[in-house]
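Enquirer: need a 3D model of the sequence below.
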Amino acid sequence: STQYALREGRAVAPNHLHSDYLNTLVTQGSLGLLASLLFLACACYAALLHAQQHIWVAGLLAGMGVYLVAMVVGFPNVSTLVLFFILAAVASASVWSPQARIPVWELPAPLRPLASAAMTLVVIAALTLHVRHAQAERLLKKGIHLHASGHAAESVLPLEIALSLQAHDSFYWAYLAEVNRDLFQQHSRVSDHRRAVHCFRQAQKLSPNSSEYLTRQADTLALQAATLKESIPVYEQAWRMDPRNPSVLLNWGNALLQLHNSPAARQKYLQVIDMDQGELRSRAYYNLALAYLNDGRPELALHTLHSVAAPGPDTLLHMALIYQQLGDRTAWLRTLRQLVEQFPNDFNGRYELGVALMTQNIVQGAIAQLKQALHLNPKSFASHYNLGVAHWKNQQYDKAKYHFRQAQLLEPQNLVIKNLAQKIGF
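Expert: Residues are numbered from 1 along each chain as shown. You can find the predicted model right below:
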């Protein structure tokens, strides 16, 4: 099924996202458009040369003019109004005065070929613009399909070509920016990040009243440490344009938190909590707790985490680590067990519970949890190493050496494992 997309912040159905062709009777598509334009061109030619300059001539010209202007300014959906204008002109001629004449069209005979040539150029210009637009829409559709299928790198070329054909459309710039941002997050290439920021800026220039493009631009700037500070004024501008959007405040607070400006970040999170009652509120509570932790206030952070509705694995893990920091071992283990029970496939929960049980000399329980952690992440150096330590404590030396060797294979330059290899020999 064709995916829906967003254009200028509005939901657009697939048949309008891609080419909205001039529809003549039941024919729709490029051939239908060509047939319509040829018909209109011939009609205008005949009218200019031979007709008695009735008002319906103005209707034909007005219809062609509306279509041409619509294509030039980039609103192809309006192009279907060409038939409405023509029919309205004909109806006016029939009702108002069938014999009405418009002096402006009473051209001298020598000027009629020039008028015909001008009309032909209008038709050619309209057809050329439409072909460019239709090709751009087809390439955009191909790029969206490739991106949605997980082939972001392959989608760049058709999107770049589409953008060269439709450079005045902010949606093309914004979608190419999204693809480049995804590529940066996958491969950490600075060129992808730079291209994404540039495309979002171009989209914003074309749609200066869109806070959505500003927010995406700021989010992209915040992905890289080198441009993190640049995101702050962009978030501020987006917030001034859309002061009812709590997600802008939340992301703004996250950027401030990364810049170690915890007081300003807390202010943004508290504003989100006052504005939103859903998921953003819970995320704001969680990030507010991280801000308190950065300020060295674990008790207040723990109290804030308890305000998170339906806490996820990250929330429970932070609560457990705070309990450990505060010296409450019972609550530490209880929270980790709750985490594993509610989210059995969470690697961090399994690993942390295994380490916690080993510190309490519950070796068999530690081994069971660390094995589960390794099952979830077989390339975890820490899990192999701690599982080796647990087996060593349990006097299972062969199993311990096996996991030490696996850890060494994963990080051969790690000094801890190198010293251990020299000490016990494995």
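Enquirer: residues near F200, how many?
Expert: As a burial measure, F200 scores 29 neighbours (other C-beta atoms under 10 Å). Glycine gets a C-beta too; all of them are placed from N, C-alpha and C.
Enquirer: over to L321?
Expert: Neighbours around L321, by other C-beta under 10 Å: 17.
Enquirer: which residues does it contact?
Expert: For L321, the contact set (C-beta atoms under 8 Å, 6 or more residues apart in numbering) comprises W332, E352.
Enquirer: distance of it relative to A356?
Expert: 10 Å (C-beta to C-beta, to the nearest Å).
Enquirer: overlap of the contact sets of those two?
Expert: In contact with both L321 and A356: W332, using C-beta under 8 Å, 6+ apart.
Enquirer: ok, the closest residue to L206 other than its chain neighbours - contacts?
Expert: Nearest non-adjacent residue to L206, counting by C-beta to C-beta, 6 or more residues apart in numbering: S170, 3.8 Å away. Going by C-beta under 8 Å, 6+ apart, S170 touches E8, Q202, A203, Q204, L206, S207, S210, Y213.
Enquirer: and the pLDDT at S170?
Expert: Among the per-residue scores, S170 holds a pLDDT of 91.
Enquirer: what's the burial count for R281?
Expert: When neighbours are counted by other C-beta under 10 Å, R281 comes out with 20.
Enquirer: phi and psi next, for it.
Expert: R281 adopts backbone torsions of phi -60, psi -40, taken as degrees, to the nearest 10.
Enquirer: buried stuff in stretch 293-305?
Expert: Using 16 or more other C-beta atoms under 10 Å as the test for burial, stretch 293-305 gives L293, P298, A301, L302, T304, L305.
Enquirer: can you name the next helix or strand after the host helix or strand of S164?
Expert: With secondary structure defined by DSSP states H and E, S164 is part of helix 152-165. With elements assigned by DSSP H and E, the helix or strand that comes after helix 152-165 is helix 170-187.
Enquirer: mind putting the buried residues of stretch 293-305 into a markdown table with pLDDT and distance to N419?
Expert: Listed next are those as a markdown table, based on pLDDT from 0 to 100; distance: C-beta to C-beta, whole Å:
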| residue | pLDDT | distance to N419 |
| --- | --- | --- |
| L293 | 95 | 33 |
| P298 | 95 | 33 |
| A301 | 96 | 36 |
| L302 | 96 | 37 |
| T304 | 96 | 41 |
| L305 | 96 | 38 |
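Enquirer: how about JSON lines for those, with distance to A284 added?
Expert: Conversion of the buried residues of stretch 293-305 to JSON lines gives the following (distance: C-beta to C-beta, whole Å):
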{"residue": "L293", "distance to A284": "15"}
{"residue": "P298", "distance to A284": "19"}
{"residue": "A301", "distance to A284": "14"}
{"residue": "L302", "distance to A284": "16"}
{"residue": "T304", "distance to A284": "10"}
{"residue": "L305", "distance to A284": "12"}
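Enquirer: S307 - that's part of a strand, no?
Expert: No - secondary structure of S307 (DSSP: H, G, I helix; E, B strand; the rest coil): coil, not part of a strand.
Enquirer: and the residue found closest to it once you drop the neighbours it is linked to in the chain, how many residues sit next to it?
Expert: Leaving aside its chain neighbours, S307 sits nearest to Y285 (4.8 Å; criterion: C-beta to C-beta, 6+ apart). Y285 has 21 neighbours, counted by other C-beta under 10 Å.
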